[in-house]
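**Q** any chance you can model this:
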Amino acid sequence: CTLQSDGTLENMEVQGNMTLEVHAEESSCIRVATDIDHAAAKALAIQFKTHPNIDKALFNKSSVLGLKDPNRPFPMGSALGVLKWRFSGRDESMVPLMVSCWPSPANGGNDMLVNIEYEMSTDFDDLRNVAIVMPLRCRDEPVVNSCDGDYTVDPRGECL
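**A** Now for the predicted structure:
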């Protein structure tokens with residue numbers, strides 16, 4: 001997701017991947033029922049792609065993941081990517097995390113005090129691998145007074 005400094009959404013992309021790993025031979029010919037509402041997903045322009053060996057017609061009709069040949073077992077002991085999904089858009093109501101940036105000149109204009117606030121949408125329970133990238137306008141490493149989480153400075157990319 002890319003936001004402008006005033007918090008306006010520029011663009012957003014969400015990708016996902018479902019993997020299946022079978023550990024018991026008696027379970028290797030399973031079918032996996034998902035809770036995907038294809039009509040709602042289509043209205044939101046969410047795109048799905050099944051593994052080539054997955055029965056795409058079965059998935060599109062009933063949201064069930066199974067091999068094209070129901071008598072053929074899933075591979076044992078190794079994870080198999082069975083479904084990928086992708087969503088991109090510009091609808092701000094779909095943004096899971098709103099970020100606001102408040103820059104203020106400090107120390108007579110020699111420094112910049114930046115306060116970044118974030119708020120997670122109530123529609124999302126769990127976010128992982130979130131990165132907030134802030135461009136730096138100077139070559140000097142910034143002084144960070146407080147931070148929720150971790151931060152790194154990328155001198156080549158001139159960003160925090």
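
**Q** which element follows the lengthiest strand in the chain toward the C-terminus?
**A** Secondary structure of the chain per DSSP state E: the longest strand is strand 9-20. Next along the chain after strand 9-20, taking DSSP states H and E as the criterion, comes strand 32-33.

**Q** buried set for the very next helix or strand once past that following strand?
**A** Next helix or strand after strand 32-33 toward the C-terminus (DSSP H and E): helix 38-43. With burial defined by 16 or more other CB atoms under 10 Å, not one residue of helix 38-43 is counted as buried. Quick note: C-beta positions are derived from backbone N, CA and C, even for glycine.

**Q** quick one: mean pLDDT for helix 38-43?
**A** For helix 38-43, mean pLDDT is 90.

**Q** and what of stretch 145-160?
**A** 82.

**Q** now do the longest strand of the chain: distance to the chain's middle.
**A** The chain centre lies 4 Å from the centre of strand 9-20; the measure is CA atoms, centre = their mean, to the nearest Å.

**Q** adjacent strands (with direction) for that strand?
**A** strand 2-3 (antiparallel), strand 80-89 (antiparallel) (DSSP bridges).

**Q** out of the ones you listed, which gets the lowest mean score?
**A** Sorting the strands paired with strand 9-20 by mean pLDDT places strand 2-3 lowest, at a mean of 75.

**Q** identify the residue nearest residue 16 in space, chain neighbours excluded?
**A** residue 85 (4.7 Å; CB to CB, 6 or more residues apart in numbering).

**Q** so who does that neighbour touch?
**A** Residue 85 makes contacts with 15, 16, 17, 46, 47, 48, 49, as judged by CB atoms under 8 Å, 6 or more residues apart in numbering.

**Q** convert the C-alpha atoms of stretch 100-120 to PDB, please.
**A** Provided in PDB are the C-alpha atoms of stretch 100-120 (Å, rounded to 0.1, in the frame of the first residue of the first chain):
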ATOM      1  CA  SER A 100      -0.600   9.700   9.200                       C
ATOM      2  CA  CYS A 101       2.700  11.600   9.100                       C
ATOM      3  CA  TRP A 102       3.200  14.900  10.900                       C
ATOM      4  CA  PRO A 103       6.500  16.600  10.100                       C
ATOM      5  CA  SER A 104       7.400  19.800  12.100                       C
ATOM      6  CA  PRO A 105      10.600  21.900  11.800                       C
ATOM      7  CA  ALA A 106      12.600  21.900  15.000                       C
ATOM      8  CA  ASN A 107      15.800  23.400  16.400                       C
ATOM      9  CA  GLY A 108      15.500  26.600  14.400                       C
ATOM     10  CA  GLY A 109      14.700  24.700  11.200                       C
ATOM     11  CA  ASN A 110      17.900  22.700  11.300                       C
ATOM     12  CA  ASP A 111      16.100  19.500  12.300                       C
ATOM     13  CA  MET A 112      12.800  17.900  11.400                       C
ATOM     14  CA  LEU A 113      10.600  16.300  14.100                       C
ATOM     15  CA  VAL A 114       8.300  13.600  12.500                       C
ATOM     16  CA  ASN A 115       5.500  12.000  14.300                       C
ATOM     17  CA  ILE A 116       3.900   9.000  12.600                       C
ATOM     18  CA  GLU A 117       0.600   7.800  13.800                       C
ATOM     19  CA  TYR A 118      -1.100   4.600  12.700                       C
ATOM     20  CA  GLU A 119      -4.500   3.100  13.200                       C
ATOM     21  CA  MET A 120      -5.500  -0.500  12.300                       C
END
